[in-house]
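J.: Kindly return the folded structure for what I paste below:
(6 chains)
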Protein chains: 6
Amino acid sequence: MGRLTYILVYILVHIPSVLWLRFLFISATIYLCEAFMSEKIVIKISGKIINPDKPDIIRRYAEVVRDIVCKGYRVVVVVGGGSYARGYIMCAKSIGLTQAQSDMLGIEISRVNSLLLAYTIGDNVYLPIPRNIEDVERAWSINKVVVVGGLQPGQSTATVAAIIAEVLGIKKMLYATDVEGIYDRDPKIYKDAKKLDMISVDELPKILNQGFEAGRYELLDPLAISIVKRSCIEVTVFNGLDPYNIYRALEGAIGTKIKPC
Amino acid sequence: MGRLTYILVYILVHIPSVLWLRFLFISATIYLCEAFMSEKIVIKISGKIINPDKPDIIRRYAEVVRDIVCKGYRVVVVVGGGSYARGYIMCAKSIGLTQAQSDMLGIEISRVNSLLLAYTIGDNVYLPIPRNIEDVERAWSINKVVVVGGLQPGQSTATVAAIIAEVLGIKKMLYATDVEGIYDRDPKIYKDAKKLDMISVDELPKILNQGFEAGRYELLDPLAISIVKRSCIEVTVFNGLDPYNIYRALEGAIGTKIKPC
Amino acid sequence: MGRLTYILVYILVHIPSVLWLRFLFISATIYLCEAFMSEKIVIKISGKIINPDKPDIIRRYAEVVRDIVCKGYRVVVVVGGGSYARGYIMCAKSIGLTQAQSDMLGIEISRVNSLLLAYTIGDNVYLPIPRNIEDVERAWSINKVVVVGGLQPGQSTATVAAIIAEVLGIKKMLYATDVEGIYDRDPKIYKDAKKLDMISVDELPKILNQGFEAGRYELLDPLAISIVKRSCIEVTVFNGLDPYNIYRALEGAIGTKIKPC
Amino acid sequence: MGRLTYILVYILVHIPSVLWLRFLFISATIYLCEAFMSEKIVIKISGKIINPDKPDIIRRYAEVVRDIVCKGYRVVVVVGGGSYARGYIMCAKSIGLTQAQSDMLGIEISRVNSLLLAYTIGDNVYLPIPRNIEDVERAWSINKVVVVGGLQPGQSTATVAAIIAEVLGIKKMLYATDVEGIYDRDPKIYKDAKKLDMISVDELPKILNQGFEAGRYELLDPLAISIVKRSCIEVTVFNGLDPYNIYRALEGAIGTKIKPC
Amino acid sequence: MGRLTYILVYILVHIPSVLWLRFLFISATIYLCEAFMSEKIVIKISGKIINPDKPDIIRRYAEVVRDIVCKGYRVVVVVGGGSYARGYIMCAKSIGLTQAQSDMLGIEISRVNSLLLAYTIGDNVYLPIPRNIEDVERAWSINKVVVVGGLQPGQSTATVAAIIAEVLGIKKMLYATDVEGIYDRDPKIYKDAKKLDMISVDELPKILNQGFEAGRYELLDPLAISIVKRSCIEVTVFNGLDPYNIYRALEGAIGTKIKPC
Amino acid sequence: MGRLTYILVYILVHIPSVLWLRFLFISATIYLCEAFMSEKIVIKISGKIINPDKPDIIRRYAEVVRDIVCKGYRVVVVVGGGSYARGYIMCAKSIGLTQAQSDMLGIEISRVNSLLLAYTIGDNVYLPIPRNIEDVERAWSINKVVVVGGLQPGQSTATVAAIIAEVLGIKKMLYATDVEGIYDRDPKIYKDAKKLDMISVDELPKILNQGFEAGRYELLDPLAISIVKRSCIEVTVFNGLDPYNIYRALEGAIGTKIKPC
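T.: Coordinates of the predicted model:
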């Protein structure tokens, strides 16, 4: 297939009678170069959103991803484990397995969720689901949508998303979760808590720590924060229960943007 | 390379001075969408046809596959083991290995046959030959011709073809064997046996069982039949000793079509 | 470590002053030879039994497997998918994925169940969970307990167990399910249905087909039956909800024995 | 080979004329059970110690590991990257690669160091060097010495050691570095700094942070500390420039012991 | 993405109103067919050139490779081990490892060098670095730049380049080293040594053997020479310390061309 | 299982009342140490001997290998391709594939032959058949019989055997072929040709080149000879058509011994 493309490009470039097309081609090349630098994104979707209890959401996410790819984005989707993962982790703990073994089980479920989403997206996706960072690199080098779950015990999927972004040189992360964004105070306690439109990564630990109960801290753990900061990855936290919010988050219209540098 | 394509597409789509091209593009997109749904095919070629004793047939099959791919089809080729496989299976049995171990040896030979065909097809093929269903998925996600042999003991290559079709969402299978199609009675016994042009999958077991001796039953074993039926995969059985028959089978001009649903 | 063993064996065998030990050793060798031929078993456990809702059963199964291994058995455990798998399969169908893709999701869950059991068994188990028949061979060649889930779409885990038994030359399968054995009539309908102690594999399809509703047929599908028959694998179907029943099934005290040849 | 061992064990256990041996055997079993619980250790060796500039140290470490294995320990060795890794990381940064890509290059060098040590240890080692956590599990399930380098970008080898310990259920880590242990103040600044014999994991961040310059913090990063704490892994930090210190550290005679819980 | 290309090609080919484009397309296809036969090249770069001490050269090589790919070449780059490899090999020898084990360590370093170059080239490269000939085939079938180091002990990277060229059907090899080409006599001894513009592969062993000291012989060892000869692969030896020499070598303007047949 | 062995060894070593056993144990350890150094062998069997036309020879080879392993040897068996390989290579050439692609097909057949032998040997063998040098290392580290075919195009299986010997530190190779050994002149031409009992590796190229026709040269190609020489691997060439000759070759009673250093 690559051959056909080449031939086509050759014609447009080498044959004088399409000179005007060639001119457009060259000027466009220069213009599009930077554009393409920002076309790579990581979408992190919580396991609370992608799981077998929500076929409709999965179907719509698949549509959105297909559409975004058509529009020229290269996409990595990182899917969390959700309630099914928690079931296995509970069981592992009651049996007495170690924390890391419980994590491994949760990671496996996040991979099954990923497979579910990947099959729904269809032919544009790299399969099978990558199981380690080298697999991710291989998948990425094939120019397909990459859908992954967890990679290693002791790591949140937010960290996975951050590491993958860094390895692949991606500068933009969409973080689909089940809240509207990051609030200045815990919205469950304080009625007057205000959603922030933007927050610096340096203020983040303070807000995540103080205003929220323990569980909330998982939004971005310290390792993810430090990677986001050192590699200047722009993160947008938004409500992913509506898949079409991805479009809005891409435009910066909703959620909270974390300024990394 | 993908970048070049994108750029090209971008020009055609985004730049007003090629507006007429853009219009064509959009209307074509919608029209081609369904067309592409049916462009995926599985070609199952018997090991009696693809084996090292027949370099000419292999060369011509390679040409046909290359050509079909140029015409826009996405192709999976499933190759059987043939007489070389039988040599190893015979030996395995006389040594006293289990049935499954004999199968494994036959599968390996079907993979060598696949490799032979794959090398002949050339740069358009995924290599190395996939060895299990996840490998097949990986190969398919790369947009190349996928050539496979057997996958697991206790499975005919017809079943392999059916399972792969189902996993990849392919709805059409060409089944190249050494007879003209399916007959209403065993043509070796009854001079007046008539080749059927079409047969329902439900009648298939009856005809395969009754009219033919044991060996013939392998054409489509019960597992393959049940997969073909439940996922509604259209199978065309035709004489593959002439590789160019693939074109005719694609058009439905020869062989027997099995109506799956 | 192997070196230490060798050295020990060498002393016992080669050094005259321990002649009496040597004599025991040789006579025992001959006696134990056949014993060891039958020491390999496949245990097929339904996903209804091994799943995260039943940590206690998993813990006890792990104990039993460890104990059986200590007693000299080499064990392959095949675990099914259970209700979690069904959750994913339901979701896949409501999204509109193919049957084979649904199967793949179910297989993944059976692997997570396997991992749960494997971690609970502990250091004696091969990890990671084998994903295809070559992985199973590799795992087996390492002399560890092999725990697997499904291998390929379109295959029940009973068939997986049968194929693995055949590839590894195992002649005995324990089939832990949630009924006491095979009945002559459907016990849910007929109060006077009688559990059979033994049944020939040739009568099996008749009984499974007639006496039971559709779902029951899954106990042993036609492919599993044909493998069991051709390779003469003795299957014992028994109630696995009590893990200690494995001991009783090993001795033939409970369940239904399927005479394969 | 396993067969020979079994036979031997069988004789000792089942045959009455060696009853006295059997008695010893059983009482020893119970006594040794706990002993074996603590026989699994992770040895983390800094890349400053294992690198191609120090063949003698590598040779002696190999001897010590072989000897420790003979004494009944099951060992995982985690090797760091050292100065060669730093060379590649420097280069990567001056080219402008991302932090994670630099890490990947450093990880590769830590794997080459691991291979160097593994070859020197000889036949007792699992090869090739595991490249991800599933590889580590596979290697471990084979009962060999496992030698690994890094696993993932954004992770110190101390964290790798902690995660591996947790996955494999290991409770003891020896941490060979180029200082005598953990001091109450930075010994490079304060002449009167005192090496601590024991420190609680909760006090650790305070001491590592305050008393030392930035670089020192790498000894145990926050992720490693949190894993060590939650799974109660006992860490002994000691001077590994003398390989025989491993014996002393095993006995608790040197270095600083970190009480994890 | 492939879908977009197809659609585009379809429009150009199937829709009458762009008939003139279609005509160009078809005539170009035939003309370009042969052209594409020669567009595949292997570039072998000595480890003396690509290593972490020379970030600038690596950066420029990456640019050149990206540019060459844009111009329509399909490229395999084979990178040597260089001085870092020699450090590990020295260490391995002083420890007393076998020659093959030393080679393995050197191969690992050549892979790290490859990774360094691959990351610098960026998104066009297949990752992870292939580790054996089947990996190379897989990487090649994906239409990306393939960067490899060594593959097997007892083999120079020149032989690796020759074998890969043969497996992938590549007929042209650029050999970037630190001399201007092949001289008729050793230029370090004879002031009047003359660089040869072309040399037959049959004369090569004589010249490499006689005129140069031992080390020089490595340029092309007997196995590489025999492969180059039997498959008629054209090799150009040139000074690669200036990356832009690749352009000149492609045009045959510099270095020594080895006529293979 | 390892646990049981340890316990046994512990009793024998640590408990005073079996002091005399302990004494034997320690003195035996020292004595056996060197013995074990030479217990590793590579057996290279020509594809003319191991192929599906000769089930009886395969069965007897399997027996011999099992027996040798029982006697304490650690064995790698390298199997050639034989006439089936030649069939595929002929076909590949008549199609016009490259030399390396033909080799790949031949290598695949040598792997099928290996699998045939491996299944016949049974439970002591590592499966699946290793496909590259890292696979061989993994297989070896598991303490099983390793059966391999070819590894890379452009390499005879004699070279494969030599490289594997070098990587694994094996010093002895048995070379089973279809002649009695190496003759001073070509025995097919000269009636008075004399089989040599021993020959220095330095004289080998002279004799192989002069006295024999081209085909004979394959016995040991230059690369194999150079590896054998540099790592001092003792090779015994003998008639392998009688499998029991392995015993005689082990004792040096038949064939020609090549003195490597």
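J.: Residue A:141 and residue C:249: what is the separation?
T.: Per Cβ to Cβ, to the nearest Å, residue A:141 is found 51 Å from residue C:249. For glycine as for every other residue, the C-beta is placed from the backbone atoms N, C-alpha and C.
J.: Kindly report the same for residue A:202.
T.: Plainly put, residue A:202 is 63 Å away from residue C:249 if you go by Cβ to Cβ.
J.: helix/strand/coil for the residue in the stretch 101-250 of chain A positioned nearest to chain F?
T.: Going by Cβ to the nearest Cβ, chain F is nearest to residue A:134 of the stretch 101-250 of chain A, at 14.3 Å. Secondary structure for residue A:134, judged by DSSP: H, G, I helix; E, B strand; the rest coil, is helix.
J.: circling back: looking at residue A:202 and residue C:249, which one has more neighbours?
T.: Taking residue A:202 and residue C:249 together and counting by other Cβ atoms under 10 Å in any protein chain shown, residue C:249 has the greater number of neighbours (24 against 12).
J.: close enough to count as contact, the more buried one and residue C:238?
T.: Yes - the pair residue C:249 / residue C:238 is scored as a contact, 4.4 Å apart, by Cβ atoms under 8 Å.
J.: what's the overlap in contacts for these two?
T.: Overlap between the contact sets of residue C:249 and residue C:238, as judged by Cβ atoms under 8 Å, 6 or more residues apart in numbering or on different chains, is given by C:174, C:176, C:255.
J.: Of the residues you listed, which belong to strands?
T.: Judged by DSSP state E, the subset of the shared contacts of residue C:249 and residue C:238 located in strands is C:174, C:176.
J.: near chain F too, which of the shared contacts of residue C:249 and residue C:238?
T.: Among those, no residue sits close to chain F (Cβ under 8 Å from any Cβ of the partner chain).
J.: Mind giving me the ChimeraX command for buried ones among the shared contacts of residue C:249 and residue C:238?
T.: Here is the ChimeraX command that picks out the buried ones among the shared contacts of residue C:249 and residue C:238, judged by 16 or more other Cβ atoms under 10 Å in any protein chain shown:
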select /C:174,176,255
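J.: Can you give me the distance of the residue of the stretch 101-250 of chain A closest to chain F to residue D:93?
T.: When Cβ to Cβ is the yardstick, residue A:134 and residue D:93 sit 22 Å from each other.
J.: Looking at those two, which has the bigger crowd around it?
T.: For the pair residue A:134 and residue D:93, the greater number of neighbours falls to residue A:134 (17 against 14), based on other Cβ under 10 Å.
J.: Can you list the neighbours in contact with the helix or strand hosting residue A:77?
T.: When elements are defined using DSSP states H and E, residue A:77 is found to belong to strand A:74-79. Contacts of strand A:74-79 with the rest of the structure, by Cβ under 8 Å, 6+ apart, involve A:39-45, A:47, A:50, A:65, A:68-69, A:110, A:113-114, A:117, A:136, A:140, A:143, A:145-149, A:157, A:160-161, A:164-165, A:168, A:170.
J.: Can you list which of those are found in helices?
T.: Using DSSP state H, the subset of these located in helices is A:65, A:68-69, A:110, A:113-114, A:117, A:136, A:140, A:157, A:160-161, A:164-165, A:168.
J.: what's the burial count for the residue in the stretch 151-261 of chain A positioned nearest to chain C?
T.: Taking Cβ to the nearest Cβ as the measure, the point where the stretch 151-261 of chain A comes nearest chain C is residue A:153, at 11.6 Å. The local packing of residue A:153 (other Cβ under 10 Å) involves 21 other residues.
J.: pLDDT score assigned to residue A:207?
T.: Turning to residue A:207, the model gives it a pLDDT of 77.
J.: CA atoms of stretch A:49-64 as PDB?
T.: Taking Å, rounded to 0.1, in the frame of the first residue of the first chain, the C-alpha atoms of stretch A:49-64 are listed here in PDB:
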ATOM      1  CA  ILE A  49     -15.700   5.100  32.500                       C
ATOM      2  CA  ILE A  50     -14.500   2.300  30.300                       C
ATOM      3  CA  ASN A  51     -15.800  -1.000  31.700                       C
ATOM      4  CA  PRO A  52     -18.200  -3.700  30.600                       C
ATOM      5  CA  ASP A  53     -21.100  -2.100  32.400                       C
ATOM      6  CA  LYS A  54     -21.200   0.800  30.000                       C
ATOM      7  CA  PRO A  55     -21.300  -0.500  26.400                       C
ATOM      8  CA  ASP A  56     -22.800   2.700  25.200                       C
ATOM      9  CA  ILE A  57     -20.000   4.900  26.500                       C
ATOM     10  CA  ILE A  58     -17.400   2.500  25.000                       C
ATOM     11  CA  ARG A  59     -19.100   2.700  21.600                       C
ATOM     12  CA  ARG A  60     -19.100   6.400  21.700                       C
ATOM     13  CA  TYR A  61     -15.500   6.600  22.800                       C
ATOM     14  CA  ALA A  62     -14.600   4.300  19.900                       C
ATOM     15  CA  GLU A  63     -16.300   6.700  17.500                       C
ATOM     16  CA  VAL A  64     -14.600   9.700  18.900                       C
END
